[in-house]
Structures are given as C-alpha cells and as structure tokens.
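Q: Give me a model of this one.
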Amino acid sequence: MITALPILVSFAAPASAEATSVSLRYYEDIVSRYHGRPALQQEIIAAQAGYASDDLVPPTGLLLLARQGSAVLGCAGMRIRLGDIGEVTRVFVEPAARGQGVGRLLMQNLESESRALGLTALRLDTRTDLIEARSLYASLGFIEGKAHNTDPYANHWFRKELR
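A: This next block holds a predicted model:
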C-alpha cells in the first residue's frame with residue numbers, strides 16, 4: 001500500500017523560484033479563464049506586472065505555499081491594510097490538485113496566521129467566472145458585500161470578521 005505524502009503549508013518569499021513559478025501559473029490560469037482561451041505569454045507577464053507581490057512579506061503581508069513532497073500545489077497571499085484588515089490575494093490551486101481540499105487548507109492557514117497577527121477581518125475580491133473560488137469563500141464564512149476597491153477585474157467582494 002502506497003501512502004500519499006501529506007500536504008504541508010509554509011511561508012515563502014514572493015521572489016523565490018517556487019513562488020515565482022506558481023505565480024506565473026496563477027496568472028496563466030486567470031488570464032486564460034478571463035479571455036476564454038489559452039493566455040498569450042505577453043498577457044501573462046502584463047497581468048503579473050500589474051499586481052505587485054513584493055509586499056507579501058512581513059511586516060506588510062505574507063505568502064503561503066501548499067506543498068506535497070517537492071511539488072507546489074498552490075498559494076495564497078495576504079496584505080495587511082489599515083484598520084487591522086488582511087486583504088487576501090493570489091489564492092490558487094494547480095488544476096491537477098483541485099478538489100482535494102488544498103484551497104481550503106491554504107485559506108484556513110491564512111486565517112490562522114491573520115488571527116495570530118491580531119487582524120480583525122479578512123477581505124478579498126474575485127470574478128464571476130471563478131465559480132469555485134466564490135464557493136470556497138462562502139463555505140469558509142466569507143460574506144459577499146459592497147466593493148472595497150476599484151479593481152477593474154473584480155465583480156464580487158467578500159469579507160470575514162475574525163473576532
């Protein structure tokens with residue numbers, strides 16, 4: 001009987017090779033879904049350039065990677081905003097790992113880390129076409145509400161109180 005390796009979540013530097021690689025796959029996925037076709041390399045690079053990640057490090061934020069052995073299965077980031085609010089970003093699970101609880105594990109770890117930092121709420125935005133993400137956030141207690149930013153690609157805004 002072969003036992004599957006556990007899925008472990010740990011911190012990563014946004015500029016690390018693993019984080020850079022999973023970030024490119026994240027952007028490839030969301031750009032492709034947005035356009036309804038495979039993303040062009042220049043579209044992926046342009047999308048990534050439009051959203052900084054250098055602040056996903058303490059004390060301004062964090063980036064988590066989910067790993068199974070040497071394979072990176074996904075990521076989730078958080079930026080600390082005014083009012084002790086964490087803004088969730090870059091939630092992504094590799095297509096081959098979807099449906100295995102990786103996104104839930106990343107979000108639960110992100111929430112735990114946010115509580116440890118003394119944050120009072122988490123917020124995030126997403127798009128209509130990211131159906132699985134919206135379903136995950138709702139199942140974790142996030143409530144859809146009014147817009148908290150003007151991101152042109154966001155259609156849905158969620159918030160979860162941590163206290």
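Q: can you tell me which strand in the protein is longest?
A: Counting by DSSP state E, the longest strand found in the chain is strand 71-81.
Q: Sheet partners, orientation included, of that one?
A: Here strand 71-81 is paired, per DSSP bridges, with strand 61-68 (antiparallel), strand 85-93 (antiparallel).
Q: Check which element follows the longest one along the chain.
A: Going back to what we said before, that points to strand 85-93. With elements assigned by DSSP states H and E, the helix or strand that comes after strand 85-93 is helix 102-116.
Q: Please name every helix or strand in contact with that following helix.
A: strand 7-11, strand 61-68, strand 71-81, strand 85-93, strand 121-126, helix 131-139 (3 or more C-beta pairs under 8 Å, 6 or more residues apart in numbering; DSSP states H and E). C-beta: built from backbone N, CA, C; applies to glycine.
Q: A46: which of the ones you listed is closest?
A: Closest to A46 of the helices and strands packed on helix 102-116 is strand 85-93 (C-beta to C-beta; 16.5 Å).
Q: tell me the mean pLDDT over that closest one?
A: Across strand 85-93, the average pLDDT comes to 98.
Q: Contacts for that strand next, please.
A: 22-23, 25-26, 29, 51, 53, 56, 61, 63, 66, 73-81, 102-103, 106-107, 110, 114, 117, 119-124, 133, 136 (C-beta atoms under 8 Å, 6 or more residues apart in numbering).
Q: tally of neighbours for A138?
A: Neighbourhood size, A138 [other C-beta atoms under 10 Å]: 13.
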